[in-house]
Every structure is written in structure tokens, then in C-alpha cells.
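> this one's sequence-less:
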């Protein structure tokens, strides 16, 4: 998982919302930790003007689903 803190996001801090998100991930065969990594990566790069090397990192994260 990313080292970026996600606990301030409602989908992570609200127990009901998180449960629903986890249920949706399971329904669509998306590992929850993969979603966490993608959201964490987005937060890490939110202030950057250019998304350098973002696509290889996305591919790396998504390859965990294989």
C-alpha cells in the first residue's frame, strides 16, 4: 500500500462508506489494496504539473490484479 494517508477521505474514514467500497471492489474483482494504491498515488501527485512516470506506476499497480 502507498505511504500516503487516506484516513481523512470519507470513503476510508466512514465505516459504512468503507464497507460499501470494499463490497463494490469485491463485486468487480478489484483488490481493495489496489484501489488504495491508485488513490494514494493520485494524492502523491496531486500538486504536480506534469504526471511524469505515472503510466508505468499505474501499470505496476494494476499488474497486481493478474
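Okay, I see it. Quick caveat, the model's predicted, so the values are computed rather than measured. Residues are numbered from 1 along each chain as shown.
> where does the protein have low pLDDT?
1-3 (pLDDT under 70).
> and the gap between residue 45 and residue 18?
To residue 18, residue 45 is 23 Å away according to Cβ to Cβ, to the nearest Å. C-beta here means a position set from N, CA and C on the backbone, and glycine is covered the same way.
> contacting residues around the residue lying farthest from the centre of the chain?
What lies farthest from the middle of the chain is residue 49; by Cα atoms, centre = their mean that is 20.2 Å. Residue 49 makes contact with no residue, according to Cβ atoms under 8 Å, 6 or more residues apart in numbering.
> just checking, residue 11 touches residue 21?
Yes: Residue 11 is in contact with residue 21 according to Cβ atoms under 8 Å; the separation is 5.1 Å.
> The two: which is more packed in?
residue 21 (17 against 13; other Cβ atoms under 10 Å).
> Can you point out the helix or strand that includes the more buried one?
helix 15-27 (DSSP states H and E).
> Good, wrapping up.
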